[in-house]
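Engineer: got a predicted structure here, sequence first:
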Amino acid sequence: MAIPFRTCFEYLADRWTDELVVTSAGNTGQMWWDVTKNAEQVFYLDASMSLSTLFASGIAMGIPERQVWAFMGDGAFCMNPGMLMVERDLNLPNLTHFLVSNRVYGATSNAPLPNQVENDYGAVARSMGLSRVFTFTSLDELDSGFDAVSRPNKDGHTFVVLEVEPITGPDAKLEVMPIDGPEMKFRFGRYVERTTGKKIFSDQI
Amino acid sequence: MNETGQKSTQPAGDARAAVASGIVSQFSAAGVGLVGSLPDNWIAQVIDACNETPDLRHVPVNREESAVGLCSGAFFGGTRSLALMGASGVMTIIYAVTKISYTYEVPLPIVATLRGAPGDGHKHHVSNGLYLLPVLDAIDMTYVIVDRAEKLGEIATAIEHSYLISRPVCILLTRGLLRGEA
């Protein structure tokens, strides 16, 4: 059982408030852009190859008062599952790692992942000591469990496995967010400065 | 031996620790608050010094690319940071720095060992000696080689330069420096 990809993202976008969001390359970034059209509160980290949640961890460490959502496809996760060791060490209560599991390399013609069927991402996370681990395979499950997911926990960060269907049809040709890297940097950075008071450009550069 | 050719009276371990402390002092002088590292024998004492430095958060990572991700994100959290690794690590992060640091123009100081240079007794680092600097040249990454204690001040300068140009800068530390012999 799996959630239709667009349905899942429309649900999350509907529940989204002031969280900072980091997306990874491919389906998650394109779909989040399609359903939100937000280019300030979101950092679209294209071509990140497994680094989106650690990138988000760096943000979350510096801004503990803000919740940070980080999306990652399971193709990226399989490249670097050891990232969870670092995330567990950091144990950031304001970080939610959404693992978008469609069991394929979605950005590259839905080529199958290795060990496609057997991979148990929640078990991987628990084996590394994470305790706030959630897996959702239907919209009803996601809806009934979302309040627990979105409730920060002082003891650590949250890992959410979203079992979704691979994207097919018109959604397979979604627009890539049409902003180049430096503009992305300044849009997101200025938003963070404006809404948190953090000095990103004026003090660091 | 000291500069005048006389045998130093300072124990080797103390000399290494003093250099490591001096290196980390440069991190602090440049305002670095976060270090992501993956070890190399040569920088073990630098990592120890990071752990002992107040106001400096040290995060061990599972692979060098993870430090690139973490440190790049830290920039957007308002925290100056750097990635600390061996030369082999630099060879593995080319994708990450070109895709993240270059694409988004995010500063990233990288502090690494200059493995494979004459004096390194480990044959498995030969490839680093042959290809590390040409690879950095190939991707137009600015680098500085710090080979003497008198040049430690260049570390903070290089970190500042990375933030000035919004690109990675690699700071390469030699064996002699890290052993407290230069």
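Structural biologist: That came in fine, so what should we check first? Numbers count the residues shown, from 1 in each chain, chains lettered A, B, ... in the order given.
Engineer: averaged pLDDT, the helix or strand A:L12 falls within. What do you get?
Structural biologist: Element membership for A:L12, per DSSP states H and E: helix A:5-15. Averaging pLDDT along helix A:5-15 yields 97.
Engineer: distance check, the residue of chain A found nearest chain B against A:F201.
Structural biologist: The nearest approach of chain A to chain B comes at A:G62, 2.1 Å away (CB to the nearest CB). Backbone N, C-alpha and C define where each C-beta goes, glycine included. Using CB to CB, to the nearest Å, A:G62 is found at 14 Å from A:F201.
Engineer: these two - which one has more neighbours?
Structural biologist: Per other CB atoms under 10 Å in any protein chain shown, whichever of A:G62 and A:F201 has more neighbours is A:G62, with 23 against 16.
Engineer: of all the helix elements in chain A, which one is longest?
Structural biologist: helix A:181-196 (DSSP state H).
Engineer: likewise for chain B?
Structural biologist: Chain B, longest helix under DSSP H: helix B:12-29.
Engineer: who does the longest helix of chain A touch, helix- and strand-wise?
Structural biologist: Packing contacts for helix A:181-196, counted by 3 or more CB pairs under 8 Å, 6 or more residues apart in numbering or on different chains; DSSP states H and E, involve strand A:42-44, helix A:201-204, helix B:64-76, helix B:103-104.
Engineer: what sits against whichever residue of chain B sits closest to chain A?
Structural biologist: With CB to the nearest CB, the shortest gap between chain B and chain A falls at B:G77, namely 2.1 Å. Contact analysis of B:G77 by CB atoms under 8 Å, 6 or more residues apart in numbering or on different chains lists A:58-63, A:192, A:198.
Engineer: picking up where we left off before, buried set for the longest helix of chain B?
Structural biologist: Buried residues in helix B:12-29, counting neighbours by 16 or more other CB atoms under 10 Å in any protein chain shown, are found at B:15-17, B:19-20, B:22-24, B:26-27.
Engineer: assign B:L130 to helix, strand or coil.
Structural biologist: helix (DSSP: H, G, I helix; E, B strand; the rest coil).
Engineer: got a pLDDT number for it?
Structural biologist: pLDDT, B:L130: 92.
Engineer: so the residue of chain A closest to chain B sits against B:L70, correct?
Structural biologist: No - checked against CB atoms under 8 Å, the pair A:G62 and B:L70 is beyond contact range at 11.0 Å.
Engineer: what's the closest of the helices and strands packed on helix A:181-196 to A:R151?
Structural biologist: strand A:42-44 (22.0 Å; CB to CB).
Engineer: what's the nearest residue to the residue positioned nearest the centre of chain A if we skip its chain neighbours?
Structural biologist: Among the residues of chain A, the one closest to the centroid is A:F71, at 1.2 Å (CA atoms, centre = their mean). Excluding the flanking residues, the one nearest A:F71 by CB to CB, 6 or more residues apart in numbering or on different chains is A:T28, at 4.1 Å.
Engineer: which strand or helix spans the residue nearest to the centre of chain A?
Structural biologist: strand A:68-73.
Engineer: A:Q30 too?
Structural biologist: Taking DSSP H and E as the definition, A:Q30 sits inside helix A:27-36.
Engineer: quick one: end-to-end distance for stretch B:56-74.
Structural biologist: Chord length of stretch B:56-74, first to last residue, is 13 Å (CA to CA, to the nearest Å).
Engineer: what's the distance between the closest residue to B:Y104 other than its chain neighbours and A:Y44?
Structural biologist: Nearest residue to B:Y104, sequence neighbours excluded (CB to CB, 6+ apart): A:G181, at 4.1 Å. Note on A:G181: its distance to A:Y44, by CB to CB, is 10 Å.
Engineer: got a list of what the residue nearest to the spatial centre of chain B touches?
Structural biologist: The geometric centre of chain B, computed from its C-alpha atoms, lies nearest to B:V111 (CA atoms, centre = their mean), at 1.5 Å. B:V111 makes contacts with B:23, B:43, B:46, B:82-85, B:155, B:170-171, B:173, as judged by CB under 8 Å, 6+ apart.
Engineer: which of these fall within strands?
Structural biologist: B:82-85, B:170-171, B:173 (DSSP state E).
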